[in-house]
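Peer 1: dropping a prediction and its sequence here:
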Amino acid sequence: MRVPEDDDAMTQMPEPTAPPLPLTGVRVIEIAQNIAGPYAGEILATLGADVLKIERPEGGDDARGWGPPFWKGMATTFHTVNRNKRAITLDLKDPDAIAWLKQTLGDADVLIQNLRPGVMDALGLDGASLTAAHPRLIYCSLWAFGAKGPMHLNPGYEPMIQAFAGMFSVNGDQDGPPSRVGMQVLDLGTGVWAALGCLAALLRRGQTGRGCIVDTSLFETALGWLSVHFAGFSATGEQPRRHRSGNPRVVVFQSFEASDGEVVIAAANDRLFAKLARALGHPEWADDPRFASNALRVQNRAHVIPQIEAVIRTRTMAHWIEHLEAAGVPCAPIHDLGQMAAQPQTAAIGIVQEVPGVDLRTIGLPVSFDGVRPGIRQRAPLLGEHNAALGLPALPQADTPSGDTP
């Protein structure tokens, strides 16, 4: 048998084929708005579940109007967390609509809700009632502060919870005010925890035959992200120091200003620090007793960091990236979103995906199966787009998204 040449081997290498989506056949009802609940629904939808989003007839999910920017008549925020779903409108103040929903839930596997605390209870759609009526149902609630406690009925949004949980206190420059984390880390993170809770509950239901109530909240997500900081505080009683780009527990682990931009250097252990010292032309730093271990470098941060800064600012960012990578020192330039999207590595992992029908690039799920990332099969739905298909009154609207205004 002829051994193929390298070029032959490359041309004969089969491309990964899309495996069956893991949640095919799972039916989800989503009564959620803004970001956290819809993101949980979108995760399940992208993994193959049939997700039916329920919105109020008057305007629908608030996030439809969370712009600018708008694209094809909807806020880009809404586009981002509502792909791969169907959508209908129901007036939940109408007893007939409630009766229709309760009947429909008999065929559902999961209900995701994040309405204002107390609303679902007032409608008779609380978890205890619905799981009693439908024992196989998994009822997932996303709260602001949690399912119990003196604040469990309080509403809340991302910046409020970041502040309340202590995230502001560990973010920002030590010489400046506490800062918010710039992304929706609590909304999106809580969506991930909700989806993970639903998946675990589905797995347990396969063993027991019964569903359950799944609860998570933005506050709990914030505390989870703070777990490493809190362990240090618990041990010492000291508040963690803020560092603009660094880490209170690791040196060298921060950004440095080159002559034309900033470079993040992550020499996170003694071996890497020695490599960094040699690469910067100061091998003696590795033998300095003040810098002999990470704990000592943290203690003597004020001595080692200025010396590194003085060297880095003498050359360009490109020079240091090439030089440090060649020396085996982990480093990276600080990119904006356009630079990130243009990176060959971004293209190689295929996480930037086109939304069908609306000419919009978005970020797909950060997970793959057998080398294949689940794709975006369908754009975010129009308000009430699937009413007619389910025998519900249709709303007047365009047949397809168009225009770039709300």
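Peer 2: Good, I have the coordinates. Just so it is clear, the model here is predicted, and its values are computed rather than measured. Numbers count the residues shown, from 1 in each chain.
Peer 1: so residue 139 is in which element?
Peer 2: Element membership for residue 139, per DSSP states H and E: strand 138-143.
Peer 1: give me the contacts around the longest helix seen in the chain.
Peer 2: Criterion DSSP state H: the longest helix present in the chain is helix 185-208. Helix 185-208 is contacted by residues 26, 28, 34-40, 42-44, 81, 109-110, 112, 136, 138, 140, 142, 158, 161-162, 211-212, 214-218, 220-222, 224-225 when judged by CB atoms under 8 Å, 6 or more residues apart in numbering. In this view, the C-beta of every residue, glycine as well, is placed from N, C-alpha and C.
Peer 1: burial measure for the residue lying closest to residue 187 once chain neighbours are set aside, as a count.
Peer 2: Spatial nearest neighbour of residue 187, chain neighbours left out: residue 35 (3.8 Å); criterion: CB to CB, 6 or more residues apart in numbering. Close neighbours of residue 35, defined as other CB atoms under 10 Å, add up to 26.
Peer 1: show me where pLDDT drops low in this protein?
Peer 2: Counting by pLDDT under 70, the chain has low-confidence residues at 1-18, 396-406.
Peer 1: how close does residue 188 get to residue 34?
Peer 2: Distance of residue 188 to residue 34, computed by CB to CB, to the nearest Å: 11 Å.
Peer 1: element containing the nearest residue to residue 340 once chain neighbours are set aside?
Peer 2: Using CB to CB, 6+ apart and skipping residues adjacent in sequence, the residue nearest residue 340 is residue 346, 6.1 Å away. Using DSSP H and E, residue 346 sits in helix 344-349.
Peer 1: who touches that helix?
Peer 2: Residues from elsewhere that reach helix 344-349 (CB under 8 Å, 6+ apart): 340, 352, 373.
Peer 1: quick one, phi/psi of the first one?
Peer 2: Same thing as residue 340. Per-residue torsions, residue 340: phi -60, psi -50 (degrees, to the nearest 10).
Peer 1: and it, how many residues sit next to it?
Peer 2: Neighbours of residue 340 (other CB under 10 Å): 11.
Peer 1: which residues touch the nearest residue to residue 186 once chain neighbours are set aside?
Peer 2: Spatial nearest neighbour of residue 186, chain neighbours left out: residue 218 (4.4 Å); criterion: CB to CB, 6+ apart. When contacts are counted by CB under 8 Å, 6+ apart, residue 218 touches 36, 142, 143, 144, 145, 156, 158, 161, 186, 187, 190.
Peer 1: are any of those residues buried, and if so which?
Peer 2: Buried members of the contacts of residue 218, scored by 16 or more other CB atoms under 10 Å, are 36, 142, 143, 144, 145, 156, 158, 161, 186, 187, 190.
Peer 1: my guess is the fifth one contacts residue 216. True?
Peer 2: No. With the criterion set as CB atoms under 8 Å, residue 145 and residue 216 do not qualify as a contacting pair; they are 11.3 Å apart.
Peer 1: check contacts around the nearest residue to residue 279 once chain neighbours are set aside.
Peer 2: Among residues not flanking residue 279 along the chain, residue 327 sits closest, at 3.8 Å (CB to CB, 6+ apart). Taking CB under 8 Å, 6+ apart as the contact definition, residue 327 lies against 275, 276, 278, 279.
Peer 1: what's the answer for residue 300, then?
Peer 2: Residues near residue 300 by CB under 8 Å, 6+ apart: 290, 291.
Peer 1: distance of it relative to residue 306?
Peer 2: When CB to CB is the yardstick, residue 300 and residue 306 sit 11 Å from each other.
Peer 1: please, where are all the strands along the stretch 301-406 of the chain?
Peer 2: For the stretch 301-406 of the chain, the strands defined by DSSP state E, counting those that start in this stretch occupy 331-333, 352-355, 360-363.
Peer 1: and residue 102, which of those strands is closest to it?
Peer 2: Residue 102 lies closest, by CB to CB, to one member of the strands of the stretch 301-406 of the chain: strand 352-355, at 33.2 Å.
Peer 1: what packs against the closest one?
Peer 2: strand 360-363 (3 or more CB pairs under 8 Å, 6 or more residues apart in numbering; DSSP states H and E).
Peer 1: what strands flank the strand it packs on, and is each parallel or antiparallel?
Peer 2: Its sheet considered, strand 360-363 pairs with strand 352-355 (antiparallel) by DSSP bridges.
Peer 1: pull the strand it pairs with out as PDB, backbone CA atoms only.
Peer 2: The C-alpha coordinates for strand 352-355 follow below in PDB (Å, rounded to 0.1, in the frame of the first residue of the first chain):
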ATOM      1  CA  VAL A 352     -17.500  33.800  15.400                       C
ATOM      2  CA  GLN A 353     -20.600  32.700  13.600                       C
ATOM      3  CA  GLU A 354     -23.000  34.200  11.100                       C
ATOM      4  CA  VAL A 355     -26.600  34.500  12.100                       C
END
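Peer 1: which positions within it qualify as buried?
Peer 2: 353, 355.
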